[in-house]
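Visitor: Need the 3D shape of this:
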Amino acid sequence: MPQETPPTELRELQPTAARGARNSRLVEWKPWPLSNSALIGHCSVAFAGGWVVHAFPIFRRDDGSLAGGVPSMPQLDRDGRVRVREDGKRVYTALLTFEDGEARHRWDRTVLSALSDAGITGATS
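Guide: Okay, the predicted model is just below:
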């Protein structure tokens with residue numbers, strides 16, 4: 001009996017020989033449903049060494065190229081409510097930071113390589 005293939009955003013993408021030789025591979029991709037922002041989706045990536053980073057954003061820069069964000073979570077006040085700025089937007093805390101610009105650049109290259117290997121190159125992939 002043939003198995004039904006789950007949608008790309010719900011299934012783990014299988015590594016190919018080329019992908020397996022890299023430092024990372026895409027595990028999950030969830031396109032962002034709104035097209036009116038720089039955010040194009042969220043992904044999870046497995047890294048060499050056996051660790052996976054989940055739910056980090058991918059943005060489209062003004063020049064059309066992609067940029068990997070870092071996982072974040074909304075800040076909570078002492079009563080457990082999400083903090084908001086004066087303009088009504090939520091306040092977030094990054095869950096991952098970098099010691100320097102080179103570390104940030106390596107992160108971006110590695111994440112974007114995993115996306116590219118999986119065929120994710122645009123907002124609707």
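Visitor: C-alpha from now on. contacts and neighbour counts both.
Guide: Noted.
Visitor: residue ranges with poor pLDDT in this structure?
Guide: 1-22, 122-125 (pLDDT under 70).
Visitor: tell me what the longest helix anywhere in it is packed against?
Guide: When the chain is scanned for its longest helix (criterion: DSSP state H), the result is helix 101-117. Applying 3 or more C-alpha pairs under 8 Å, 6 or more residues apart in numbering; DSSP states H and E, we find helix 101-117 packed against strand 24-31, strand 66-68.
Visitor: show me the contacts for the nearest residue to residue 47 once chain neighbours are set aside.
Guide: Closest residue to residue 47 apart from its sequence neighbours, by C-alpha to C-alpha, 6 or more residues apart in numbering: residue 24 at 4.3 Å. The contact partners of residue 24, by C-alpha atoms under 8 Å, 6 or more residues apart in numbering, come to 45-48, 110-111, 113-114.
Visitor: From residue 104, how far off is residue 24?
Guide: 15 Å (C-alpha to C-alpha, to the nearest Å).
Visitor: can you pull out the helices in the protein?
Guide: So, for the chain - with DSSP H - the helices run 17-20, 101-117.
Visitor: can you put the ones you listed in TSV and add distance to residue 58 and mean neighbour count?
Guide: Below are the helices of the chain laid out as TSV (distance: least, C-alpha to C-alpha, whole Å; neighbours: other C-alpha atoms under 10 Å):
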stretch	distance to residue 58	mean neighbour count
helix 17-20	20	11
helix 101-117	9	17
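Visitor: Using TSV, lay out these together with distance to residue 94.
Guide: Listed next are those as TSV, based on distance: least, C-alpha to C-alpha, whole Å:
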stretch	distance to residue 94
helix 17-20	28
helix 101-117	13
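Visitor: Correct me if wrong: residue 29 contacts residue 45.
Guide: No: using C-alpha atoms under 8 Å, residue 29 is not in contact with residue 45, being 9.0 Å away.
Visitor: neighbour-wise, which of the two wins?
Guide: Neighbours were counted for residue 29 and for residue 45 using other C-alpha atoms under 10 Å; residue 29 has more, 27 against 21.
Visitor: Could you report the distance from the more buried one to residue 52?
Guide: To residue 52, residue 29 is 13 Å away according to C-alpha to C-alpha.
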